[in-house]
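**Student:** I would like the atomic coordinates for the input below:
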Amino acid sequence: MKYLTYFRPNEEFSDLILKQDQIVVPGSDLHSTISVFYMSEDNESDLIKELSRINFNSFCVQTEKFDDFDDDSLVLRLSKPNELSDLHRIVVSIVQNYVSDTSKFNKMIKQYGLDKYNPHLTISKSSSNFNRKNNHLFGRKMQISEYFLAKKDDGVWQEVHTFASKVRPDSDVPNSLSL
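**Tutor:** Just a heads-up that it's a prediction; the model follows:
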């Protein structure tokens, strides 16, 4: 089954995007991918337990420019603060232990992950005739304090779990992964 870890824009920014003409919202809604992978549904609860152990502080991203991504996605490039890079790396390191097709996962990571991770917010289809001169979407800041796990079931994305940022624990707290 296909899985996705991602974060979403805040409600105010989502509303601003959705008011634009020629927006064709992706099936996975407005989102910024942290990791995408295939995994057996049997491993879902174990993965959630491990991802829940990640202690991360909320972070701020800023919108930069429009770009085309993958097959037919119009994206808004985002800044890449260290906290987001660290979160991406640790999520990938956990997810890789659960993937059902290691070769496919490694190929995706080689192309889009780790040092090549380039955060963006998927907002529409590239073929949507969206007016890319709408630069009032640039330079917007968003505080990110949670990320999500979703799975694609019968062609529909379903949110499985929400992971909230945590205050850094005292240094001797066991069973936690800190960024």
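**Student:** tell me which helix or strand comes right after the longest helix seen in the chain.
**Tutor:** Longest helix in the chain by number of residues (criterion: DSSP state H): helix 82-95. The helix or strand immediately downstream of helix 82-95 is helix 102-112, counting by DSSP states H and E.
**Student:** what's the angle from that following helix to helix 82-95?
**Tutor:** Put simply, helix 102-112 runs at 170 degrees to helix 82-95, going by axes from the mean of the first three to the mean of the last three Cα atoms, to 10 degrees.
**Student:** quick one: list the elements packing against helix 102-112.
**Tutor:** Packing contacts for helix 102-112, counted by 3 or more Cβ pairs under 8 Å, 6 or more residues apart in numbering; DSSP states H and E, involve strand 32-38. Quick note: C-beta positions are derived from backbone N, CA and C, even for glycine.
**Student:** give me the distance from stretch 123-134 to the chain's centre.
**Tutor:** 20 Å (Cα atoms, centre = their mean, to the nearest Å).
**Student:** swap in stretch 57-72?
**Tutor:** Distance, centroid of stretch 57-72 to centroid of chain: 10 Å (Cα atoms, centre = their mean).
**Student:** give me the buried positions along it.
**Tutor:** Judged by neighbour count (16 or more other Cβ atoms under 10 Å), stretch 57-72 contains these buried residues: 59, 61, 63-64, 66.
**Student:** give me the lowest-pLDDT entry from those residues.
**Tutor:** Across the buried residues of stretch 57-72, the member with the lowest pLDDT is Phe66, scoring 90.
**Student:** and the strands in the protein?
**Tutor:** For the chain, strands defined by DSSP state E occupy the ranges 2-7, 32-38, 54-55, 59-69, 73-78, 120-125, 141-144, 146-153, 156-164, 177-178.
**Student:** for Lys19, which of those is the nearest?
**Tutor:** With Cβ to Cβ as the measure, strand 120-125 is the member of these nearest Lys19 (11.8 Å).
**Student:** helices or strands up against that closest one?
**Tutor:** Right, strand 120-125 is packed against strand 32-38, strand 59-69, strand 73-78 by 3+ Cβ pairs under 8 Å, 6+ apart.
**Student:** ok, 10 Å please
**Tutor:** Using 3 or more Cβ pairs under 10 Å, 6 or more residues apart in numbering; DSSP states H and E, the elements in contact with strand 120-125 are strand 2-7, helix 11-18, strand 32-38, strand 59-69, strand 73-78.
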